[in-house]
Structure formats: structure tokens, C-alpha cells
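# Need a 3D model of the sequence below.
(3 chains)
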Amino acid sequence: MKRLLTRQNMIITAALLVVYIIVQVLLSTGIISAFYETNLILGGIGIIMAVSLNLITGFAGQFTLGHAGFMAIGAYFSAVMTVKWGMPFILSLLGGACLAAVMGFLIGLPTLRLKGDYLAIATLGMGEVIRVVLLNTKYVGGAAGLFGIPRITNWTWIFVCSVVTVLCIRNLLWSSYGRACISVREDEVAAEIMGVDITHYKVLAFVVGAFFAGLGGALYSHYYYFIQPGGFGFMKSIEYLVMVVLGGMGSITGSVMAAIVLTVINVFLQQYSAIRMILYALLLIIIMIFRPEGLMGSKEFSTAMFRRFERRDDRGSAGGQ
Amino acid sequence: MEQFYVFLQQMVNGISLGSIYALIALGYTMVYGIIKLINFAHGDIYMVGAFVGYFAINYLHVGFFGSLFIAMAACVLLGILIERIAYKPLRNATRIAALITAIGVSFLLEYTTVFALGAQSRAFPEVLGNIRFGFFGNKVFITNKELLIYGVTLALMVLLQFIVKKTKTGKAMRAVAFDRDAAMLMGVNIDNTISATFALGSALAGAAGVLVGIYYSAISPLMGMNPGLKAFVAAVLGGIGSIPGAALGGVLMGVIETMVIAYGQSTFRDAVAFAILIIILIIKPSGIFGSNAREKV
Amino acid sequence: MKMRKLLAVTLLLAFVLVMTAGCGGTDANKTETKPAATDAAEVILGANFELSGAVAVYGQTKMNGVEIAIDEINKAGGILGKQVKLIKYDNKGDDAEALSLTTRLMTEDKIVTMLGPVTSGRVMVAVPVSEQFKIPLVTGTGTAAAITVADGKVNQYAFRICYTDEYQGKLAGKFAATSLGGKTAAMLVNQNDDYSIGLSEAFKTTFEENGGKVIEQVSFTNDDVNFNTALTKIIATNPDVLYVPAYYEQDALIAKQARELGYTKPIIGGDGWDSADYLLQTAGAAALQEVYFVNHYFSGDAEPAVKAFVDAYTAKYNETPSSFSALGYDTAMFVKDAIERAGSLDPVAIRDAMAATKEFKGITGNLAMGENHDPIKSAVIISFDADGKPILKEKLQ
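Coordinates of the predicted model:
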């Protein structure tokens, strides 16, 4: 109890509350307009997706290209719970996230023994299989999609869910589980020799990542009124992977920042409809050439940065293998 | 017996589709073998090849082989340019950073073409005519274009195998793929070798673009998206880094897809293709022809 | 120590929020000083189209038609004496983008009516937003039934000027069974596309009601260019007609490959087939024999409006327009017609005028707006002569 009530924690809680209240007031007075609200929500979903993908790819080092598949499961299952079974939203959120986690377990167990790009292709295939199965399921509307989903997601839900996601994943990483995950990324053989059950930790990271991706999907479907299998294809997975790499593999604050930066960039590029994709492509290439380790590398943004340039040993940035 | 002829016809269809996957997969596999980069832009180089072929035939009136040559040459230049500008600075960065760059290059090629030429498909000029050869009392057909695709694919594959196994550049490629630092110490010019690999891979993609244009008679700026992905899957299936593997993987992908449509639920085609892929990978994690590299401790 | 990271996240969030709040603030000021819409110096229309991504070609083709219409309107003095300003955005074929852009157009850009999106899924996302802000949207190509009617309730601000899937699927089914006298049919359907699926379902029902039987159905996906396998399977069952409800880029390849595989019987399609040049160039005249498709209008029509549009389009884009371009043109003209009849730039008045449309003369046919905001319009069946030029086969009501 004493440990929880440190000055740090109280400052952070207070700061979060203040941010929440300020935005809530700005929203209800209409100072943040409807358009910026949609982007706030989109950014929040981006944070949840990117941080959860970072756990799998950045921290545990398992390169996956099927994250949108888990998002789809969360989005569809929660929508079915709300629309067809009349469940309350909170249960639908949890239901969507849990089913995604279960799928993460079922898929992770056999595929996580693959390495590097083979795993990437297997997860890509898995994402496609999920999409095709949804496409052929009449119960959820097939190719025509599932519509009539009420809009329940709002700033409060997004705020609470992204804070919970960041907190959970951060705490997981700072526990012995997280250390084990990182050791798997750094050197599987060495980790195994030291007695780390590598399969266990890989699957753990995969399941937790899938859980939060499912949560992101559930929030998504309850904001956009309508979902279609095509919305959760390969390009969606890539979108979140770009966030993770741009923010820095193995940096939670990096992912958060990248999700926000990319949402802002997207809004900015919207007005150049003819060349927006060209500009986006150039931006990607240029950022990667000049900052291949991402905005944050594997460091975290912290108050310590303001006090002194703390030298920490670089955890290395060997992602993907 | 009718059933058997239909089956044979479907095999012909599957192998034609697979040959195209194989041609694209070869380029993927070569680049991957040497710098371990999933070159997402490869499918778009194939698209550029198709468009160069289109303009060559329409405006330079060069005929099939002329356009094939021009497209391959243009793609060689493009491949080297992309490698030097976008990938070279990232050679020592993480592989995922390079992958994101490749995705950027892919978008850039796609949408620059869309911007310049519009997104619509174009009809590829008919340069070869259309001849069908009937077998078994005209129950099974092969077209001249299909024969051309088999022929060109096979010829390019043999040529590639020859270059990689017998020439000095090929030796350098294999050396760099095996151990870049050691190769450098032995006096191999790493930069040139990597460029040569990109040049070869891109040339194959360019050839595939022209062949597809001729075979399907339509090309579009976004045509590289999906075959690019499928070809990469094929390369992994065959064991990435292996030339016969890419060829086999491509043909296998084509045949599997065809058979799912012909004898299974066509709606589940992609799902079945990917499910088979996952199963193969789980049984043999490094692909059919992949060497199971032992981890150095 | 470790807790600082959270603080950092918080600070960052706060920073971004200040930024967004700042932007939002200026916009709110704009709202206050904004003159009443009716006094605006220009008519602001928004377009929310799929200009990139997998269906970019249809978005761009439709946008071409819209731009011709806007040029024409502005040259002729605009709407209600005011010039038209078209704000166009690219939604990338992505649902989240489509929603965000609809909101942007309707709140930030102060449009009076939105054109688009092109594909049904994106329209479905945009409809609730238009209901929320009470600004009408008109789609020229969104064919899913649920766009205009959801849960038995008409969406007040959503309109379309194209047929529903069901309507033209039925027409095709009836044509196949009666005019062509087909007894058996096969269908080649794009499983990723609700348009294709919707048409095929309606076709099947009507065809079987009229005494026929659908004996084979094979699916393909958006990116397919090779239909040999599917066609080989279909031809083995020897159907009297082949129904292909898809878009022209793939239709041309299907027609060509079907003929190469020796299928000579009729191929029937929907309005997605309409693209005279592309079909002929890609498939060739021989492959287009015995091809019939349901369409809105006949591009060789002597009607001066049709001819003027086809000429203007050909001059500007160097190709004959497809049904997408024609529907894009009509979408913009329909909006103009409604605003003029409303006599004001008030979105609600425009909506009422749209709902009350009795006779709008478009190039894709005359149209009256039905109770459900689905148009009541005529249809034609197009086929091809020996040179591959489209000819009018039948006029349907």
C-alpha cells in the first residue's frame, strides 16, 4: 500500500485526471469540434494497437504481421454481443478482448516456434484466414459487413482504455515476466540456458498483445457504426507496425507518441488528396533513413530526461529476429 | 474420363498462374538471401516493368522481345536506384526499419504511377495473337501465351542459376549472403554485389510484368500489391534464399489455389492457401528447400 | 523512478491535447462569426471519394465525372448565381478515414451537401454522421439496401441515384430467363464485394422464379486477374447463361478468358460492365458477342445531354466515360437541381428538395426519388455489334 502511494504515483494520477477533465470540458463546450474528436478517438485506438503490438514485436521480438486479425476478432465479437445479444458495453469490450486473447493463444502456441520472417508470414496468413472466415460468415453479415452498431465509444472510454493498456503493459514489462520476454528477444539460446521457458513467454506476450488488440477492435467497432472484413486486412496490420517502428521498437512512450504523430500527420495530409499517399510514402522513407531506430529508439520518455541525460545501457535494437 | 480432362486443364491453369508467382518470387528470394530484406517494393517493380513494356510496344513499336528487353533494362536501373537511395543507408539498421522503408518505396511507386497515369487499368497491346493447341482430341488446351510463360520462366531460371553458381558475381553474391563481413575481408565489393543482386531480381520482375501484361492483356498501377504478397509467400514456402525453392513454391501456390477453386470452396481459396502454408511451415519451419541453419552460440 | 514514464506519457498527451484544443478553438471562433449559409458567397460541396487504395480506379473515374459537372455548372453561372466550390478528399477506401472526412466536411468545411463515398461500406459509415449533422449526402454508386433504409426506418439525409442491388439483379434474372430463354445459369461472383453478392442473390431468386436453375457458383476476389480455373469449372457444367456481376476491369478479363476457353453462350452483367473503350480494347470485339448487361443509359444515345457529356468527357480524359463517370456527373447535377429547387443553401431545405424530386433528367436516365430515397429510374440492356460497339438491346421499365 505504501509503495502505491508514492509522491510520483500521486502526481501522475493527478495529472491524468487533470488531462481527462480538461479534454472532457473542452469537448462538452464544443471547443474541440466533432472532427478533432474523431481524430482523438482514432489516435487513442492507435495508441492501444501500437502499444500492444510493441509488446509482441518490440519487446518479445516476435515479428507479426497479423495484428489486425486480432483487432477484427475483438471488433466483430463485441459488436455481436452488443447488437445481437443485447449485452452491456463493458461486457462486450471484455468479451471481444478475451476472445482475441483466446485466439492469440490457439494461434500462438503452434506458430511461435517459427522464427523471424517465417513467423511474420505465418501470422500474415493467420490474419488473412480470419478475414476470409468473417467474409463467409453470414451471421455477421459476410462481405456486406455488420451494421447498426451503436456508437458508445467516447473520450472517456478511450482515455480509460488507453491508460489501462499502457499501465498493464508497462507493469508487465517491469515485472519478472517482462524481463524474461526481453531476454527472449535479446538471445533465445542464452535465455533458454538461463532457465527461461521461451515458449511460455512468447505465448504470454502474444496473448496479452492479442487481448489489447481485441480491446482496440471493440472500441473501434463501437465508434464507427459499421465494420466490414475488408477493413481489417494486411494494410491495417502494416499501419500499426509503422507506428511501432516509427516510435521505436521497445519503447512504450515511443509507440504512444508515434500513434499521435501519425494521426496528426494524417489529418494534415488529408487536404492534399491527390498526392497524400506520395507524401506519406516519402515521409516514411525519409524518417527511416535518418532515424532508423525510430523516434525514441528503445528508450522511454521520462522526467529524468529533464533533469539530466541519464546514461542507460542501450538495450540494443535487434528487432524482428 | 471427362473429369480427368478437366483436371488436366486445371493443372495447366495452375501451372501458368504459378509460373508468374515463381518469376516474382525469384526476385524476392535473391534480395532476401543477400540482405535479409523483405523487399515489399518488388511487386511494384513488376508493375513498373509492365508499364514500361506497354509504352515500349505502343510508342516504340518494338514487338514482344524488344519490349521484354527494354522493360528488364528499365527495371534494372530502377532496382539499383532504389537500393542505393533507400536501402543502402539502412544496411546496418534493424531489419524492420528496412522493411518499413520498403513499404514506403512500394507506396511511392504505386501512387506516383497513379498520380501520373491515373488508377485505371490499361489494355495491354496484343502482340502475339492467340493460338490454342488442343490435346486429347481437343479436350485440353494450352495457349501460345501459356507456352511462352513456361518457356521464359524456365529460361530465366536456368540463366539465374547459372549466374549464381558459375560466374564470379554469383560467387560474390553467395559469399555475401553467407557472411558479409568475411566476404568483405576477402576483397568482395559488397556494394556492387548487393546492387547486382537488386539488378538481377528487378530484371526478373520486369520480365514478369511484361509477361503478365501479355497473358492477361490488362495492367494497372496497383497490380503489384497482391501478386507481390503471394509471391513472397511462395518464396517462403519454397525456402527463402533458394532459387529452386522459389520456383517450386510459386508453382505450388498456383496449383494449390487452382485446386481449391476447382474442387473445393472457391470462397475459401485464400484461407486454404494460407492454412496450407502455415501447416507446411510448422512441419518444416524453413520451407521446403530451406536449409535449417543451426544457430551459432 | 520508473513511474516517471507515466508522467511523461501524460505530459505528451497534454501537449497534443493543447494542440488539438488550439486548433479546435480557432474553428469554434469561425463558427461564431460564420455568416448564415444562405448568404455565403459560394456553394460549398464536399466529395469524399476512394481516390487511393484498392478501389481507387472507381473513385477516380467517378471523380472525373463530378469534375466535368462542376466545370459545366460554374461556366453556366453556378448554382443560384453562386460559383460552386468542390472540396475533395481521399478516404483511401478506409472506414475510419471515410468517417473522419465526412465529419470534417460537415463541420469544418461547412459544406451544404456531400457527394460520395463510392463504395457501399464507406457510405454506411458516413450515413450516421450525415444524420447527426443534418446535412444530406448523395451517393451515385452505393448500392447496398441498408444505406437508405436501416431497421425499417428511412435514413433522412441519405440519398442514392443508382439502382439498388436487388433491382438490377432482378432485371438481369428476368432477361436471362425470358428474353434469352435460359434454363440453366452459372454465376461468377466477387466474394469481397457486397455489390457483386447482392446482385447474384437477386439474380438467382428471379431466374429460378422464372423457371431457370442456377447450377454453379464460383467466387473470386478483388485482385484476381486469372479466371481460367473458375471458368474451366463453370464451362464443364455447360450453363445456358453466365452471370457476372462485377466491375469492368475484371469483366473484360472474364469475357476474354471465357471465350478463349471456348464458352460461346451469353454472358450477362450489371451496370459495373459499362466501359465501352476498356471492354473493347481488353477483351476484343469477338469476346463481346453475346454479352448483355443492364445499364442506366446507352452512351450512343442521340439524346443531346448524353452526347454533350460523352464529348466533354472524351475531350478531357481521352476515353469514353464508364457508368461510374456518368453517375458521378449525375450525382453533381442532381445536387444542383435540388439546391435550385430548394432556393436556398440550407441543408435541410436541400434535403427536402431531394426527397421531393419528381423528374430529374440525368444522363443515366430520368429519375424520381422514391419514398425510401431509392430512385425510380428506367433501365436498358446493352449488347455489342460485330465491331464491339455497344448497341441498345432492350429498354426496360
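# Now name the helix or strand holding residue C:67.
helix C:56-75 (DSSP states H and E).
# Quick one: check the helix or strand following that helix for contact with chain B.
Counting by DSSP H and E, the next helix or strand C-terminal to helix C:56-75 is strand C:83-90. No. Applying C-beta under 8 Å from any C-beta of the partner chain, one finds strand C:83-90 separated from chain B by no less than 10.3 Å. C-betas here are computed from N, CA, C, even on glycine.
# Residue B:258 in helix, strand or coil?
helix (DSSP: H, G, I helix; E, B strand; the rest coil).
# Now do the residue lying closest to it once chain neighbours are set aside against residue B:8, distance only.
Excluding the flanking residues, the one nearest residue B:258 by C-beta to C-beta, 6 or more residues apart in numbering or on different chains is residue B:14, at 3.3 Å. Note on residue B:14: its distance to residue B:8, by C-beta to C-beta, to the nearest Å, is 11 Å.
# ok, those two, which is more surrounded?
Ranked by neighbour count (other C-beta atoms under 10 Å in any protein chain shown), residue B:14 and residue B:8 place residue B:14 first, with 24 against 16.
# hang on, the earlier thing: now the residue nearest to residue B:258: which helix or strand?
helix B:2-35.
# Give me the contact status of the helix holding residue C:67 with chain B.
Yes. Interface with chain B: helix C:56-75 contributes C:56, C:57, C:59, C:60, C:61 (C-beta under 8 Å from any C-beta).
# now for that helix, which elements pack on it?
Under the contact criterion of 3 or more C-beta pairs under 8 Å, 6 or more residues apart in numbering or on different chains; DSSP states H and E, helix C:56-75 touches strand C:42-49, strand C:83-90, helix C:304-317, helix C:323-342.
# Any chance of the backbone angles for the residue nearest the centre of chain C?
Central residue of chain C (C-alpha atoms, centre = their mean): residue C:141, 1.5 Å from the mean position. Torsion angles at residue C:141 (phi, psi; degrees, to the nearest 10) stand at phi -140, psi 0.
# Do you know the pLDDT at it?
We have a pLDDT of 89 for residue C:141.
# so who does it touch?
C:58, C:62, C:118, C:119, C:162, C:324, C:327 (C-beta atoms under 8 Å, 6 or more residues apart in numbering or on different chains).
# Same question for residue B:74.
So residue B:74 contacts B:48, B:49, B:52, B:206 (C-beta under 8 Å, 6+ apart).
# tell me which element it falls in.
Going by DSSP H and E, residue B:74 is part of helix B:63-82.
# Next, the angle from the helix or strand just after that helix to helix B:2-35.
For helix B:63-82, the succeeding helix or strand toward the C-terminus, using DSSP H and E, is helix B:95-117. With axes from the mean of the first three to the mean of the last three C-alpha atoms, to 10 degrees defining the directions, helix B:95-117 sits at 110 degrees from helix B:2-35.
# quick check, helix B:95-117 touching chain C?
Yes. Under the criterion of C-beta under 8 Å from any C-beta, chain C is reached by helix B:95-117 at B:111, B:114.
# Could I get the buried residue list for that helix?
B:95-114 (16 or more other C-beta atoms under 10 Å in any protein chain shown).
# by contact count, what packs against that helix?
In terms of contacts (3+ C-beta pairs under 8 Å, 6+ apart), helix B:95-117 is packed against helix A:234-247, helix A:276-290, helix B:42-55.
# what's the weakest-modelled helix or strand in chain A?
For chain A, scoring each helix and strand by mean pLDDT, DSSP states H and E identifies helix A:304-307 as the least confident one, at a mean of 52.
# Up against chain A, what does the stretch 101-250 of chain B have?
Listed as neighbours of chain A in the stretch 101-250 of chain B under the rule C-beta under 8 Å from any C-beta: B:101, B:103-108, B:110-112, B:114-115, B:229, B:232-233, B:236, B:240.
# 7 Å instead, please
Within reach of chain A by C-beta under 7 Å from any C-beta of the partner chain, the stretch 101-250 of chain B has these residues: B:101, B:103-105, B:107-108, B:111-112, B:115, B:229, B:233, B:236, B:240.
# Can you list the low-confidence ranges for chain C?
C:1-39, C:276, C:397 (pLDDT under 70).
# What of the stretch 1-150 of chain B?
If you take pLDDT under 70 as the line, the stretch 1-150 of chain B has no such spans.
# Near the residue nearest to residue B:46 when sequence neighbours are not counted, how many other residues are there?
Counting by C-beta to C-beta, 6+ apart, residue B:46 lies nearest to residue B:205, which is 4.1 Å off, once chain neighbours are set aside. Residue B:205: 34 surrounding residues under other C-beta under 10 Å.
# my guess is residue B:205 is in a strand, correct?
No. Residue B:205: not assigned to a strand; according to three-state DSSP it is helix.
# burial of residue A:139, as a residue count?
Neighbour tally, residue A:139, other C-beta under 10 Å: 10.
# whoops, I mixed them up, residue B:164
Residue B:164: 19 neighbours (other C-beta under 10 Å).
# Same question for residue B:265.
So residue B:265, with other C-beta under 10 Å, has 13 neighbours.
# again, but for the one 5 residues further on
Here the neighbour count serves as a burial measure; for residue B:270 (other C-beta under 10 Å) it reads 22.
# thinking it is in contact with residue A:131, fair?
No. Using C-beta atoms under 7 Å, residue B:270 is not in contact with residue A:131, being 8.3 Å away.
# quick revisit: let's have the contacts of residue B:74 in TSV, adding neighbour count.
Shown next, in TSV, are the contacts of residue B:74 (neighbours: other C-beta atoms under 10 Å in any protein chain shown):
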residue	neighbour count
B:48	25
B:49	33
B:52	22
B:206	32
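# Just give me the closest of those to chain C.
Of all the contacts of residue B:74, chain C sits closest to residue B:49, with 15.4 Å by C-beta to the nearest C-beta.
# ok, for residue B:5, nearest residue in space, not its chain neighbours?
Excluding the flanking residues, the one nearest residue B:5 by C-beta to C-beta, 6+ apart is residue B:139, at 3.9 Å.
# Distance of residue C:85 relative to residue C:265?
Relative to residue C:265, residue C:85 is positioned 51 Å away (C-beta to C-beta).
# how far does the helix or strand harbouring residue A:170 sit from the chain's center?
Secondary structure from DSSP H and E places residue A:170 in helix A:155-174. Going by C-alpha atoms, centre = their mean, to the nearest Å, the spacing between the C-alpha centre of helix A:155-174 and its chain's C-alpha centre is 10 Å.
# residues of that helix that come out buried?
By neighbour count on 16+ other C-beta under 10 Å, the buried set for helix A:155-174 is A:155, A:157-159, A:161-163, A:165-166, A:168-170, A:172-173.
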